[in-house]
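A.B. asks: Any chance you can model this:
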Amino acid sequence: MLEVRLLGPVAVYSSAEPIPLGGGKPRALFAALVLEQGRVVPASRLVDVLWPDNPPDRARALIQTYVSTLRKSFARHGHPEVIGTHSPGYLARLDGATVDADLLATLLDEAKEQAGRGERKHAAELLHRAVRLSRGPALSGLEHSPLAAEARRLDELLLTALAERFEIELALGRLDHLAELTGLVARHPTDERLRAQLMVTLYRLGRQTDALACYREGRSALIEELGVEPGRRLRDLHDTILRGGGAQLDDGQPEHLTAPPVIVPAQVPLGPSDFTGRETVRAALVDALRGPTPGTHVLAGQGGSGKSALAAWVAQQVTESYPDGQLYADLRGMTDTPATAAEVLAGFLRSLGVNPAQLPESIRERTELYRSLVAGRRLLILFDDAADEQQVRPLLPAGARCAALVTSRDRLAGLAGAVLTEIEVLPDHEARALLHRIVGARRAEQDAESADRILAACENLPLAIRIAGARLATRRHLPMRVLAERLTDERQRLDELAAGDLAVRSSIALSYHALDGSARAALRQLGFFGLPRFDAWVLGALLDMPVTSAERLLEVLVDAHLVEFTGVDQTGLLRYRLHDLVRIYARERAEAEEPLGVLRASVARAVSDWQTMIDRITTTFPPAEVVWRKPPTRDLPVADELAERVLADATGWLQREEPVMVVGVERAAAIGLHELVCDFVSARMALQLEGANRFAFWSRIVTAALEAAGRAGYLHGEATMLAELAQLRYAEDRYSESRHYFGEALTRFRALGDTQGQAAALAGLGLACREPGYLTEALHFLDQAVTVIRTLDDEVGIGYVHRVRGSVLLEQGDFARALDDLTVSLRAYRHTGSRRGVAYTLRSLGLYHRARGEYQEALRVCAEAAQIFRELGNDLMHSYAVRAHATTHLRMGRADQALPRLEWALSVARDAGDRWGEGVALRVLGQLHLSEGRLATAEETLAASLSLWDRVDAPLWRARTQYDLSLVYRARGDVTSAEKAFADAYQVFQDRESREYATLRDR
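C.D. replies: Model (predicted):
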């Protein structure tokens, strides 16, 4: 059995044996988890608890160390599961354990219940048990940590138990507590309830003079320490003793200490009649609030998420479970005039029957009276729009049978024992149901497309949907299509989302203005940059601050529900997102409050940091192509730890960052950072590690950069982006367009005198001619590229142009020159350390050896190429090498070994959307089925390959597939079809001067 002690020094016992917890910081950490038992305590909260002023840089790592040490200590005593890990922090699992603070609260509640039933002796026994739990000041040793407030709360709870016990003992006529009570009053001289009890005790013992002296001492203490006179209750008791009201004081409690008459308030506001959705959350809250010990529940979410409507709806459903009434307070937490505790308590006390003329003056007295009044009742109290824990804490009811339901834009993590429910935007089906309910299902269904566009613009935020729906409902003549079009324009969206006294802009503004200056600046920068998702590294770059500082700001924004935490990516970075409406508002504030120069500088830093990381990857994984951008030579100031994580999964990181990068590049291009954008695009386009086609991403960043360069008259940028666009069109199998853009780029590079650019454009032209089979033209450009590249100190470029030219010579059947070029290429790539380039050339050498009938060597080099591509994470090129290896097996008559590899290569090409790879794999599979005599399957497979060659404009490969089909036709006896297919293929071989022409001509 595990026993946890907080009422004194923090300690844990297992079967009466103490479990070592270590020093002060591990104890504080464990205490923080116990106080929130069953709920996750974020690591950031633990940092604040352990280092409230100046946390060390390694704070999070130290927390992990403390947690590990505590777990080992618990495990040695048979309790390995006490501390669990759950993003974004840790939680205490204490099922079956005894926590003295919880036991204290339970005993106090039971005692009050027994006293209410007239069972005073039993109540006194329970309170004696409660008081004996204390072993000194609560959380001893942690007085100077953020847990001090919790320590004071526990001490106050113990003091309440003592006061309740004295009250019951006085009612029972017992006076043996005089010494204990005298000592307590000495330690708490301004506690008026304890002093009143001491005065009554002294009076009953016949010490009227001492009782009056006790009052005078109390009055002096209150004036000196608090600057106030004693409250009405203490003054009335003093007057009663002066008047000699002995009979009144001898009969138990004085009249002025009795409870006011019971009144049943019913203040919960009505929820919206058309409340829709949230079924799971609604059911869970209703079940919890109908339970015997409902506790405190916090509904937290961004402005407009429907927290207040949900809370009101739930409260209305459970009113029958709270026969003593329901109280309501609008705390106005997001306004300039939040409600004070004194104001709310005054309203509550009046609602509970206290005469306004007899309201206590001090907050402490009001709190004591309020908690005394509600302690034995079954009350539900709804607090709407709480600002923070400090505003709510003094208002929470005492007694386990009462419930508090709190709505806030903050998570209120400091409310010990509160159950948090986070309210997100509506799921699609519930958002659609809400809009249908407001505007009418028939009208919404008649233009479902416009309805979906409206919901997308509202991003399923209930307030936005209600406003859009209200505009449509009150303007029956307004077509849904018109509102959908207006909402599509981000510059108008917040203006359109206003109806009557409802407005999304003002709702977000309340949260925005509640932030401190640093958090507002962070939100503005994020909104202006416009990223859909991001991590703390990006915010650190925008604000030019360390990542740890950016993480703290993001935690503030997450707590305010202006930023959403979405999880941890494979790199270990925390990821976040902005709701579209929040992003639009934040951009408005950025453009209104920030100088354009500041915004441009922040965007430039973020894009530069991306480029720095890409340059690190490029340095680690050198490219295999001739490029028009000089390799990075500058220092690369990115945090080493982050760089190591990224380099461990460069492909995955690039793919995850693409949706973010494209938005950042477009924003940078739009604000005139054309040189940076062009350089970034060239850096990113040169780094094609991922293997799969990323055409949409490439197209957007190249287009944005090309347009930015054109607007700025940046000639070199235009030339470079034309070359990048040509490379993109080549990757998309659009060879005619690729040759056009490479030609445009070549002309501009020549005009600028850019030799590197000319070499890259010439090589690109050669490549774009090779694939359709314009082999002579390809050699024309590649010969020039070789000449130019030889004038430059560019080993990668030499490796690239010789590899491409070698592949063209191989297509022509010029084996000797092809081998020379491929040998030069391999040597250059090995010299530069470009493993990707080495793999490309090895695969080409495999094709060379296979064409020469040197099958064992072909298998060896293809296998080596496949291994390198696999290690680099380039699945597509890995499949190309495997396919070449399998094709060699087929040439050797080993169809059984080739088939599974070819089918796998085909599936990879299809998954990647690579039509070229799919076409080649289908052709080889057709050859395999032909060799095995499966003529129908061979014809079907080759026909599928033929259709792909038609789509990618590759006449040479189409002719090769036609030649294979001619063999299928001949094998089944269809001579006419065979001769036609052969004649068509032969003509193309002759026109393109491919090696097949010479082979077939000689036959």
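A.B. asks: Could I get the full set of strands for the stretch 1-150 of the chain?
C.D. replies: With DSSP state E, counting those that start in this stretch as the definition, the stretch 1-150 of the chain shows strands at residue ranges 2-5, 11-14, 17-18, 41-42, 83-86, 89-92, 98-99.
A.B. asks: out of the ones you listed, which comes closest to residue 956?
C.D. replies: Of all the strands of the stretch 1-150 of the chain, it is strand 83-86 that lies closest to residue 956, at 58.6 Å by C-beta to C-beta. Just so you know, the C-beta spots here come from the backbone N, C-alpha and C atoms, and that holds for glycine as well.
A.B. asks: Just the buried positions in the closest one, please.
C.D. replies: residue 83 (16 or more other C-beta atoms under 10 Å).
A.B. asks: SS state for the most centrally placed residue in the chain?
C.D. replies: The centroid of the chain falls nearest to residue 566 when counting by C-alpha atoms, centre = their mean (1.9 Å). Classification of residue 566 using DSSP: H, G, I helix; E, B strand; the rest coil returns strand.
A.B. asks: can you pull the contacts of the residue nearest to it when sequence neighbours are not counted?
C.D. replies: Sequence neighbours aside, residue 575 is the residue nearest to residue 566 in space, at 4.7 Å (criterion: C-beta to C-beta, 6 or more residues apart in numbering). Taking C-beta atoms under 8 Å, 6 or more residues apart in numbering, we find residue 575 in contact with 533, 534, 535, 565, 566, 567, 568, 569.
A.B. asks: thought the third one was touching residue 573?
C.D. replies: Yes - applying C-beta atoms under 8 Å as the test, residue 535 and residue 573 come out as touching, 4.3 Å apart.
A.B. asks: Neighbour count: the two, which is higher?
C.D. replies: residue 535 (25 against 21; other C-beta atoms under 10 Å).
A.B. asks: measure that one to residue 653 for me?
C.D. replies: Using C-beta to C-beta, to the nearest Å, we find residue 535 at a distance of 11 Å from residue 653.
A.B. asks: cool, residue 130 as well?
C.D. replies: Counting by C-beta to C-beta, the gap from residue 130 to residue 653 is 56 Å.
A.B. asks: Comparing the two, which residue is more hemmed in?
C.D. replies: When neighbours are counted by other C-beta under 10 Å, residue 130 and residue 653 differ, and residue 130 comes out ahead with 27 against 22.
A.B. asks: Give me the spatial nearest neighbour of the more buried one, chain neighbours excluded.
C.D. replies: In space, residue 130 comes closest to residue 107 once its chain neighbours are excluded; the distance is 3.9 Å by C-beta to C-beta, 6+ apart.
A.B. asks: Among the contacts of residue 575, the buried ones, what's the ChimeraX command?
C.D. replies: To isolate the buried members of the contacts of residue 575 in ChimeraX, using 16+ other C-beta under 10 Å:
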select :533,534,535,565,569
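A.B. asks: Let me have the contacts of residue 575 in JSON lines, adding pLDDT and distance to residue 420 as columns.
C.D. replies: Below are these laid out as JSON lines (pLDDT from 0 to 100; distance: C-beta to C-beta, whole Å):
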{"residue": "533", "pLDDT": "85", "distance to residue 420": "24"}
{"residue": "534", "pLDDT": "88", "distance to residue 420": "25"}
{"residue": "535", "pLDDT": "87", "distance to residue 420": "24"}
{"residue": "565", "pLDDT": "84", "distance to residue 420": "14"}
{"residue": "566", "pLDDT": "81", "distance to residue 420": "18"}
{"residue": "567", "pLDDT": "79", "distance to residue 420": "18"}
{"residue": "568", "pLDDT": "78", "distance to residue 420": "20"}
{"residue": "569", "pLDDT": "75", "distance to residue 420": "24"}
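A.B. asks: from the contacts of residue 575, which two are the most distant?
C.D. replies: Within the contacts of residue 575, 534 and 568 form the most distant pair, 13.7 Å apart (C-beta to C-beta).
A.B. asks: so where's the stretch 601-750 of the chain uncertain?
C.D. replies: 621-641, 686-694 (pLDDT under 70).
A.B. asks: can we see that at 80?
C.D. replies: Within the stretch 601-750 of the chain, the ranges that satisfy pLDDT under 80 run 618-656, 685-695.
A.B. asks: about what we covered before: and which of the contacts of residue 575 is nearest residue 487?
C.D. replies: Nearest to residue 487 among those, counting by C-beta to C-beta, is residue 533 at 22.1 Å.
A.B. asks: Skipping its backbone neighbours, what lies nearest the closest one in space?
C.D. replies: Of all residues not flanking residue 533 in the chain, residue 577 sits nearest, at 4.7 Å (C-beta to C-beta, 6+ apart).
A.B. asks: so that neighbour touches residue 562, yeah?
C.D. replies: No - Residue 577 is beyond contact range of residue 562, at 11.0 Å (criterion: C-beta under 8 Å).
A.B. asks: Tell me the helix or strand right after the helix or strand of the chain with the lowest mean pLDDT.
C.D. replies: Across the helices and strands of the chain, mean confidence by mean pLDDT, DSSP states H and E is lowest for helix 246-250: a mean of 54. Note on helix 246-250: by DSSP states H and E, the next helix or strand toward the C-terminus is helix 279-289.
A.B. asks: Now that following helix: average pLDDT?
C.D. replies: Average pLDDT, helix 279-289: 89.
A.B. asks: Would you mind writing the CA trace of it as CSV?
C.D. replies: Provided in CSV are the C-alpha atoms of helix 279-289 (Å, rounded to 0.1, in the frame of the first residue of the first chain):
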residue,chain,number,x,y,z
GLU,A,279,-22.2,14.7,-28.0
THR,A,280,-19.2,12.9,-26.4
VAL,A,281,-18.1,15.9,-24.3
ARG,A,282,-21.7,16.6,-23.3
ALA,A,283,-22.3,13.1,-22.1
ALA,A,284,-19.0,12.9,-20.2
LEU,A,285,-19.7,16.2,-18.4
VAL,A,286,-23.3,15.4,-17.6
ASP,A,287,-22.2,12.0,-16.1
ALA,A,288,-19.5,13.6,-14.1
LEU,A,289,-21.7,16.4,-12.7
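A.B. asks: which among the contacts of residue 575 gets closest to residue 385?
C.D. replies: Once C-beta to C-beta is applied, the member of these that ends up nearest residue 385 is residue 565, at 22.4 Å.
A.B. asks: gap between the closest one and residue 124?
C.D. replies: For residue 565, the distance to residue 124 equals 50 Å [C-beta to C-beta].
A.B. asks: With residue 87 instead?
C.D. replies: Separation of residue 87 from residue 124 (C-beta to C-beta): 47 Å.
A.B. asks: Lovely, talk soon.
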